[in-house]
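# whatever this is, show me its structure:
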Amino acid sequence: MTDVPVIEMVRPMPGFPERRRFALVQLDDDGVLCSMTSLDEPDLRFLVAPPGRFFPDYAPEVEDDVLSDLAIESSDDVLLLVVLNAAGGSLATTTANLAAPVLVNPTTRRGGQIVLDAPGLPVAAPLLG
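Alright, predicted model coming up:
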């Protein structure tokens, strides 16, 4: 097994302030679907994906203090992920939270879920439109 990246959530997932360490596990060969699994509570998992394939124009603006917390100096230093809700069990019913992306610095492995101050970004955008 390859090295599984462990992400230190310096900005924790809303509702889970005590859960700061997550393993990022690739779920498919294309690297489209990943699981963020809490190392402290293995039953706590979030399905995440890079948004580019589904939302090519998605480019959230992030405040400077967030970039500082994550030690991000350029757009090359960031892995952008969106949290998916696969409640229906199929891609046709899966939605993505565009209002609160997860940003990870792959070098430092510092991450956080950022609630954006951008009216109009949906918390449940259909993955397939």
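# show me the shaky parts of the chain.
By pLDDT under 70, the low-scoring segments of the chain are 1-4, 129.
# show me where it has strands.
Counting by DSSP state E, the chain has strands at residues 6-11, 21-26, 34-38, 45-49, 79-85, 95-105, 110-113, 125-126.
# who wins for proximity to residue 72 among those strands?
Residue 72 lies closest, by Cβ to Cβ, to one member of the strands of the chain: strand 95-105, at 5.4 Å. For glycine as for every other residue, the C-beta is placed from the backbone atoms N, C-alpha and C.
# and the closest one, how far from the chain's centre?
4 Å (Cα atoms, centre = their mean, to the nearest Å).
# show me what that strand is packed against.
In terms of contacts (3 or more Cβ pairs under 8 Å, 6 or more residues apart in numbering; DSSP states H and E), strand 95-105 is packed against strand 45-49, strand 79-85, strand 110-113, strand 125-126.
# and the third one, what does it pack onto?
So that's strand 110-113. Judged by 3+ Cβ pairs under 8 Å, 6+ apart, the packing partners of strand 110-113 are strand 6-11, helix 64-69, strand 95-105.
# now do the buried residues in the first one.
Spelled out, it's strand 6-11. Buried positions in strand 6-11, judged by neighbour count with 16 or more other Cβ atoms under 10 Å: 7-9, 11.
# what's in contact with it?
19-24, 36, 39, 66, 69-70, 104, 109-114 (Cβ atoms under 8 Å, 6 or more residues apart in numbering).
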